[in-house]
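Undergrad: when you get a sec, could you give me coordinates for this:
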Amino acid sequence: MQPSLIRRQLGGLVPPKIATPSILSSGSGAGLGPLVNFYSKLPKGPAATSAGGGIKARFFNGKNASAAPLLFTIFGIFALGYTIDYQMHLKHHKNHAH
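TA: Purely as a prediction, here's the structure:
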């Protein structure tokens, strides 16, 4: 096997400073000591669950789930649209009465 092929196959698996082509293509297993040492120090078992983040995890999941953020967003868009519409209406009446 070519060293570049080995590097490409192990690129996502092994950090580049540990899996050099000279270690992997040497033929004997003696050069794999740093690689085995690296993987023996990694944590074993399933990954720890994270608390989660984002708007959905904070407001819509869990025991305090509520639709308040959605309602506030809808109300905010309505208020912004109403304000813009009212200001446009006032500009229309500036020089012309109904």
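
Undergrad: average pLDDT across the helix or strand where residue 72 lies?
TA: Taking DSSP states H and E as the criterion, residue 72 maps to helix 68-92. Helix 68-92 carries an average pLDDT of 92.

Undergrad: same check on stretch 39-53?
TA: 79.

Undergrad: now do the same end-to-end measure for it.
TA: 30 Å (C-alpha to C-alpha, to the nearest Å).

Undergrad: neighbouring contacts of that stretch?
TA: For stretch 39-53, contacts defined as C-beta atoms under 8 Å, 6 or more residues apart in numbering pick out 57, 61. No exception for glycine: its C-beta is placed from N, CA and C like everyone else's.

Undergrad: how many residues are close by residue 41?
TA: 7 (other C-beta atoms under 10 Å).

Undergrad: ranges for the helices of the chain?
TA: With helices called from DSSP state H, the chain shows them at 3-9, 21-24, 33-40, 54-55, 68-92.

Undergrad: and those helices, which is most packed in?
TA: helix 21-24 (a mean of 14; mean count of other C-beta atoms under 10 Å).

Undergrad: and the gap between residue 63 and residue 69?
TA: According to C-beta to C-beta, to the nearest Å, residue 63 and residue 69 sit 16 Å apart.

Undergrad: what backbone torsions are found at residue 48?
TA: When read as degrees, to the nearest 10, the backbone of residue 48 gives phi -70, psi 140.

Undergrad: which other residues reach stretch 69-80?
TA: With C-beta under 8 Å, 6+ apart, stretch 69-80 has contacts from 55, 59.

Undergrad: with just CA atoms, put that stretch into CSV.
TA: This file holds the C-alpha atoms of stretch 69-80, laid out as CSV (Å, rounded to 0.1, in the frame of the first residue of the first chain):
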residue,chain,number,x,y,z
PRO,A,69,-41.6,32.5,23.1
LEU,A,70,-43.6,31.7,20.1
LEU,A,71,-46.5,33.9,21.1
PHE,A,72,-44.1,36.8,22.0
THR,A,73,-42.5,36.4,18.5
ILE,A,74,-45.9,36.5,16.8
PHE,A,75,-46.9,39.5,18.9
GLY,A,76,-43.6,41.3,18.1
ILE,A,77,-44.0,40.8,14.4
PHE,A,78,-47.6,42.1,14.6
ALA,A,79,-46.5,45.2,16.6
LEU,A,80,-43.7,46.0,14.2
